[in-house]
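Student: Have a look at this prediction, sequence included:
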Amino acid sequence: MFAHCSDPGALEGLAWLMCYLTSGKHLLFYASFGTVLLLLAITAPIALLFGFGGAFAVRSRFRPLRWFGLVYTSMVRGVPDILFFLFVPIAMDQALEWLRSRVYCDPTVPVRQGNEFVVCALAKLPRSDAAEWVHQGYGFMLAVIAFSIVFGAFAANVLNGAMSAVPRAQLETAEAYGLTERQINRRILIPQMWTYALPGLSNLWMILIKATPLLFLLGVEDIVYWARDLGGTKTSTYAYPHPDWRLYYFLGILVFYLAMTWVSQRVIDRLAARLSHGQATMAGEALRQGAAP
């Protein structure tokens, strides 16, 4: 990165370390922390939308829709997460390539050749001549979808339980005043259920943070990928030779995740206090008694 770093063999001590920590691969390592934060920023709201969809599907009076919601939440909750993280990207990738093969390839040629899934070069996603960022972006998109489906199912279960915890008398009163079901959901049910949903959703957020290293399994160059690559033993054939430093790299990742969870917990505590204010819940009663002289 710096002009004096052009000859690493002539460097010693702090100068060597500074050049080592500002090399091109280390800049990619630092950028990968942003990849984790971006995954969280995109996945959390999408998973919450999936959760609302699943919760309302389970509560629907339309039987096929209710069955779909029950199957979605039960199947995802009953299967190990890592299987979905690996299955969804592969299944989506092959489905998209199969559709493209019907357009760009000879449709008479089967895509299943023994145990192999083979399509012509024009149908591949992404194309082999695409830039590296396209390959990384495509893998990241598949990862977001996989994470959203998995955590959306858990969020659906949490939201459904929170909606069931809202006193039925409030909903019946709204019905008596002539409010439609959509108005009841928007004005009574959803605003009231957040207090009950927050503990479960906060746990899901923490689990989502801890699940982000699974990006490494999906082929995305995340912090785990670069920590293993940079921390491994580097011989004299490399510009910056060093022994096995993976312990220090993974220790840095540990500190990063602890900081993430600490900040998240502080935000969740403040949000819980705000939502509990004036609510007829144990937390709201505790706030009321604390404010009493």
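Tutor: Good, I have the coordinates. Numbers count the residues shown, from 1 in each chain.

Student: Dump the helix or strand hosting Asp93 to PDB, restricted to CA.
Tutor: Here Asp93 sits within helix 81-104, counting by DSSP states H and E. The C-alpha trace of helix 81-104 is given here as PDB (Å, rounded to 0.1, in the frame of the first residue of the first chain):
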ATOM      1  CA  ASP A  81     -29.800 -25.100  10.000                       C
ATOM      2  CA  ILE A  82     -26.600 -26.000   8.200                       C
ATOM      3  CA  LEU A  83     -28.600 -28.300   5.800                       C
ATOM      4  CA  PHE A  84     -30.800 -25.400   4.700                       C
ATOM      5  CA  PHE A  85     -27.800 -23.100   4.400                       C
ATOM      6  CA  LEU A  86     -26.200 -25.600   2.000                       C
ATOM      7  CA  PHE A  87     -29.400 -26.900   0.300                       C
ATOM      8  CA  VAL A  88     -31.100 -23.600  -0.600                       C
ATOM      9  CA  PRO A  89     -28.200 -22.000  -2.500                       C
ATOM     10  CA  ILE A  90     -27.500 -25.200  -4.400                       C
ATOM     11  CA  ALA A  91     -31.200 -25.800  -5.200                       C
ATOM     12  CA  MET A  92     -31.700 -22.200  -6.300                       C
ATOM     13  CA  ASP A  93     -28.500 -22.100  -8.300                       C
ATOM     14  CA  GLN A  94     -29.500 -25.300 -10.200                       C
ATOM     15  CA  ALA A  95     -33.100 -24.100 -10.700                       C
ATOM     16  CA  LEU A  96     -32.000 -20.800 -12.200                       C
ATOM     17  CA  GLU A  97     -29.400 -22.600 -14.400                       C
ATOM     18  CA  TRP A  98     -32.000 -25.100 -15.600                       C
ATOM     19  CA  LEU A  99     -34.400 -22.300 -16.600                       C
ATOM     20  CA  ARG A 100     -31.600 -20.600 -18.500                       C
ATOM     21  CA  SER A 101     -30.600 -23.800 -20.200                       C
ATOM     22  CA  ARG A 102     -34.100 -24.100 -21.600                       C
ATOM     23  CA  VAL A 103     -33.500 -20.700 -23.300                       C
ATOM     24  CA  TYR A 104     -29.800 -20.600 -24.200                       C
END
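
Student: Contacts for that helix next, please.
Tutor: 76, 107, 111, 117, 119-120, 122-125, 139, 142-143, 145-147, 149-150, 211, 214, 217-218 (CB atoms under 8 Å, 6 or more residues apart in numbering). In short, each C-beta sits where N, CA and C put it, glycine included.

Student: Which among those count as buried?
Tutor: 76, 111, 119, 123-125, 139, 142-143, 146-147, 149-150, 211, 214, 218 (16 or more other CB atoms under 10 Å).

Student: Now flag whichever of those residues is closest to Thr237.
Tutor: Gly139 (29.1 Å; CB to CB).

Student: buried set for whichever strand or helix holds that closest one?
Tutor: Counting by DSSP H and E, the element that carries Gly139 is helix 132-165. Residues of helix 132-165 classed as buried under the neighbour-count rule (16+ other CB under 10 Å) are 135, 138-140, 142-144, 146-160, 162-163.

Student: so where is the chain shaky, pLDDT-wise?
Tutor: The chain contains residues with pLDDT under 70 at 1-4, 276-293.

Student: Recalculate using a threshold of 80.
Tutor: Judged by pLDDT under 80, the chain has its weakly predicted residues at 1-13, 76-79, 81-82, 106-108, 112-116, 127-129, 216-219, 275-293.

Student: thinking again about what came up before, now the helix holding Gly139: how far from the chain's centre is it?
Tutor: 6 Å (CA atoms, centre = their mean, to the nearest Å).

Student: For whichever helix or strand comes after that helix, which helices and strands make contact with it?
Tutor: Note on helix 132-165: by DSSP H and E, the next helix or strand toward the C-terminus is helix 168-176. With contacts defined as 3 or more CB pairs under 8 Å, 6 or more residues apart in numbering; DSSP states H and E, the packing partners of helix 168-176 are helix 181-184.

Student: could you say what helices and strands the helix it packs on packs with?
Tutor: Here helix 181-184 is seen to pack against helix 168-176 when contacts are counted using 3+ CB pairs under 8 Å, 6+ apart.

Student: so what secondary structure elements neighbour the helix holding Gly139?
Tutor: Here helix 132-165 touches helix 24-58, helix 63-78, helix 81-104, helix 190-211, going by 3+ CB pairs under 8 Å, 6+ apart.
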